[in-house]
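# Below is the sequence, then the predicted model.
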Amino acid sequence: MELAMETHTDMMKIYSEKSQTWKYIKKDKNYTKQLSAIEETLSRFGLLKNEIRVYLYLARSGEKKASEIAEAIALHRTETYRILRDLEKKGIVFSVFAKPLKFTAVPLDKAIDMLVEAQKMKIKLLEKEKENLVELWLSIPQPKMEKTPKELFQMLQGEQQVVLKAEELLEKTERELQLFAPAEYLAHLYYSDFTDKLKKKLGKINIILLVENSPKSIFFIEQMQWPKHKYKLVNAQKLPCFMISDKKELLIAFQDEDNAGQDEEKRRDKTAAIWTNYNAFIWTLQMLFLKLMETEAHETLIQNRV
């Protein structure tokens, strides 16, 4: 309720890498929170901590000599020159023809555009290299190996890797996907765009979606615009997120909390997951999924809100 009373000009919406969710922060006169949020975001574009400090100082201060920058942010002058040259190569800093030499920064919106394009170019180059690498690999004589089905498992660390595996599993599903998503995981799946890809599969495969019976779950279900007859609210807490593909593959995700007891800003959640095609494990989670379906809430929170 407190957020609703703030005017939109007093609040800013920003994505937090730590919690993998969008958050609102209140503008404050010393700009500490705003700058901290900007620094966190720029780090995801491949800029190092001191590169960010140099760039933001220049962007806020205008033309400056290297010695002025070094003194202002407490960096060695030699290190400052090196960083300025690296930022110049990235296209987000210019040298000003003057004596003594000065530097100026590209506006933040243009700088982000250039950093994004640089990342896109790297991806395109890697995609082009794929064909050559595969061709080179296949040209090497391959040892004969027995192709017998085996039960395997794989450990995954980091939310990005977990989401990529979930997307791979979704893409491979031919008939049925069973997914149980507690509220926190549903939020992660929503912000990672996995739910958009899941929705595109509606009508192509049978998707059985179970979500934790909570206001947060209902909020994200509504944001997803998921058909009401295509999901069930279940009374379950403190269970991991898991999905079963065609009753043949399983992905189960969980989190380890570091720095428990600290406030939400400082706490970091580490997402991990196990993928497996191990029949006994899949059967166990299949039984859990069926049991959760039996615990469907008779009176859902949506009905209570109507």
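Received, thanks.
# which residues touch K248?
Contact analysis of K248 by CB atoms under 8 Å, 6 or more residues apart in numbering lists N277, I282. C-beta: built from backbone N, CA, C; applies to glycine.
# oh, I was asking about L209
L209 neighbours (CB under 8 Å, 6+ apart): L179, A181, L198, W226, K230, Y231, K232.
# E159 and S192: what is the separation?
According to CB to CB, to the nearest Å, E159 and S192 sit 7 Å apart.
# Looking at the two, which one has more neighbours?
Neighbours were counted for E159 and for S192 using other CB atoms under 10 Å; E159 has more, 22 against 18.
# isn't the more buried one right up against Y191?
No. Using CB atoms under 8 Å, E159 makes no contact with Y191, being 9.7 Å away.
# all strands in the chain, in order from the N-terminus.
11-16, 21-26, 64-65, 93-96, 102-105, 153-157, 176-181, 206-212, 231-234, 241-245, 249-258, 268-276 (DSSP state E).
# got the contact list for the shortest one?
Right, the one you point to is strand 64-65. Residues outside strand 64-65 that contact it (CB under 8 Å, 6+ apart) are Y57, L58, A72, P100, L101, K102, F103, T104.
# cool, the fourth one as well?
With CB under 8 Å, 6+ apart as the test, strand 93-96 has contacts from 54-55, 58, 63, 84, 87-88, 101-106.
# Show me which of these are buried.
Buried subset of these (neighbour count, 16 or more other CB atoms under 10 Å): V54, Y55, L58, L84, L87, K102, F103, A105, V106.
# Check what pLDDT the second one gets.
The score at Y55 is 92. That number is its pLDDT.
# Repeat that for the third one.
In the prediction, the pLDDT value recorded for L58 is 92.
# That one and K128: what is the separation?
Distance, L58 to K128, by CB to CB: 34 Å.
# Check S245 too.
S245 sits 31 Å away from K128, going by CB to CB.
# The two - which one has more neighbours?
S245 (25 against 10).
# out of the strands of the chain, deepest packed?
strand 241-245 (a mean of 24; mean count of other CB atoms under 10 Å).
# how many degrees apart are that one and strand 206-212 in direction?
Orientation of strand 241-245 against strand 206-212 (axes from the mean of the first three to the mean of the last three CA atoms, to 10 degrees) gives an angle of 170 degrees.
# Can you report the mean pLDDT over the residues of strand 241-245?
In this model, strand 241-245 carries a mean pLDDT of 96.
# what's it packed up against?
Helices and strands touching strand 241-245, by 3 or more CB pairs under 8 Å, 6 or more residues apart in numbering; DSSP states H and E, are helix 159-172, strand 176-181, strand 249-258, helix 279-294.
# Just want the angle from it to helix 279-294.
Using the same axes, to 10 degrees, strand 241-245 lies at 110 degrees relative to helix 279-294.
# Can you list the neighbours in contact with strand 241-245?
Contacts of strand 241-245 (CB under 8 Å, 6+ apart): 166, 169-170, 172-173, 176-182, 185, 189, 250-254, 282, 285-286, 289.
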